[in-house]
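*Asks:* No letters, just coordinates:
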């Protein structure tokens, strides 16, 4: 297990290093020092700002020294640069956005995992029944629905209609930090959670159902039944653990991706998380912020995949980590 962890962490570090190389190549190369400085400064750059950027980032030095300075600032000083559009450091901007995306992703992930796995298991156990067909139809319906359409429908049917009747349980848009007001924090996240969860749960329903049906046809499941074990024990103790392996893989990818920014959901509900901030930064040509979001998103995906690989051994005893 220790050797496996060391190899996976080393591979994750190598991938992150490659990400920094690609990010540096995309944003810092392709022109002289003035061109790069103008690009990083944004569309409203002044000559003084450009000069300061050239000096701060050492753009007049050789490329390897520029990259060394970029990597040194990132790893040792935890500096992601400076937003010349907002007039503040990228770190301070992301500190405000990360908790929003983190709260949105983890809350929705818990809901869609419970809904998806539970409905998928019940559908597989009752294969061919009316319940199975109804769950399959609902999963297909939500799987086909765009996230922004479901979000706008919930805003209109729930938030707007209730507010017309004087019920303000669900604010239309915006976000309240949990440190400011835990109740309003929870209320501001209910509709975004439901939006992400319903769309994502459809995938997990189909994945769990298909995987469990496949596992229930394995030899060791037939052996367990032949030994006289109760059907409930066969399904939930022996079958479900193995069936959840592809679910865990998908879950790690989805959570890692959403931690990089749930762009559509955050935009629909006006939540200034990483996705919303990324859209605004692209529109404002705020490249330092974009660089920071790309690095955070990459780190989230890498960490999520490492955790999923470790979780495999817990779910499926046939998997051994070497």
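*Replies:* Okay, I see it. Predicted, not measured: the structure shown is a model, and the values here were computed from it. Numbers count the residues shown, from 1 in each chain.

*Asks:* Could you identify the longest helix within this protein?
*Replies:* Criterion DSSP state H: the longest helix present in the chain is helix 90-125.

*Asks:* Show me what it is packed against.
*Replies:* For helix 90-125, the contact count by 3 or more Cβ pairs under 8 Å, 6 or more residues apart in numbering; DSSP states H and E identifies strand 82-83, helix 130-144, helix 182-215, helix 240-259, helix 263-268, helix 274-284, helix 287-315 as packing neighbours. Every residue, glycine included, has its C-beta placed from N, CA and C.

*Asks:* pLDDT on that helix, on average?
*Replies:* Within the predicted structure, the mean pLDDT of helix 90-125 is 89.

*Asks:* related to what we said a few turns ago, among the helices and strands packed on helix 90-125, which gets the worst mean confidence?
*Replies:* Mean pLDDT across the helices and strands packed on helix 90-125 is lowest at strand 82-83; the value there is a mean of 77.

*Asks:* Where do the domain boundaries of the protein fall?
*Replies:* 2-79, 91-315 (automatic domain parsing).

*Asks:* from those, which stretch is densest packed?
*Replies:* Among the domains of the chain, the stretch with the highest mean neighbour count (mean count of other Cβ atoms under 10 Å) is domain 91-315, at a mean of 18.

*Asks:* Give me the angle between the longest helix of the chain and helix 274-284.
*Replies:* Relative orientation of helix 90-125 with respect to helix 274-284: 130 degrees, computed using axes from the mean of the first three to the mean of the last three Cα atoms, to 10 degrees.

*Asks:* pretty sure residue 255 contacts residue 303?
*Replies:* No - proximity of residue 255 to residue 303 does not meet the contact threshold set by Cβ atoms under 8 Å, at 9.7 Å.

*Asks:* circling back: can you list the domains of the chain in a markdown table and add distance to residue 85?
*Replies:* Formatted as a markdown table, the entries for the domains of the chain read as follows, by distance: least, Cβ to Cβ, whole Å:
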| stretch | distance to residue 85 |
| --- | --- |
| domain 2-79 | 5 |
| domain 91-315 | 4 |
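
*Asks:* List the contacts of residue 70.
*Replies:* Counting by Cβ atoms under 8 Å, 6 or more residues apart in numbering, residue 70 touches 20, 24, 28, 57.

*Asks:* Same check on residue 234?
*Replies:* If you count contacts by Cβ under 8 Å, 6+ apart, then residue 234 has 221, 224-225 around it.

*Asks:* Setting the sequence-adjacent residues aside, check what's closest to the residue nearest the centre of the chain.
*Replies:* Centroid-nearest residue in the chain, with Cα atoms, centre = their mean: residue 258, separated by 1.7 Å. With Cβ to Cβ, 6 or more residues apart in numbering as the criterion, residue 258 has its nearest non-adjacent residue at 4.2 Å, and that residue is residue 105.

*Asks:* before we move on, the earlier item: the residue nearest to the centre of the chain contacts residue 193, correct?
*Replies:* No - Residue 258 is not in contact with residue 193 according to Cβ under 8 Å; the separation is 11.7 Å.

*Asks:* Overlap in contacts, the two.
*Replies:* Shared contacts of residue 258 and residue 193 (Cβ under 8 Å, 6+ apart): 104, 108.

*Asks:* where does residue 62 fall, phi/psi-wise?
*Replies:* Geometry field for residue 62 lists phi and psi as phi -60, psi 160, criterion degrees, to the nearest 10.

*Asks:* From residue 53, how far off is it?
*Replies:* The span separating residue 62 from residue 53 equals 17 Å under the rule Cβ to Cβ, to the nearest Å.

*Asks:* part of a strand, is residue 49?
*Replies:* No - for residue 49, which was evaluated using DSSP: H, G, I helix; E, B strand; the rest coil, the result is helix, with no strand membership.

*Asks:* okay, it: pLDDT?
*Replies:* Value for residue 49, per-residue pLDDT: 72.

*Asks:* Same check on residue 321?
*Replies:* Per-residue pLDDT puts residue 321 at 54.

*Asks:* what's the distance between residue 206 and residue 283?
*Replies:* As defined by Cβ to Cβ, residue 206 lies at a distance of 36 Å from residue 283.
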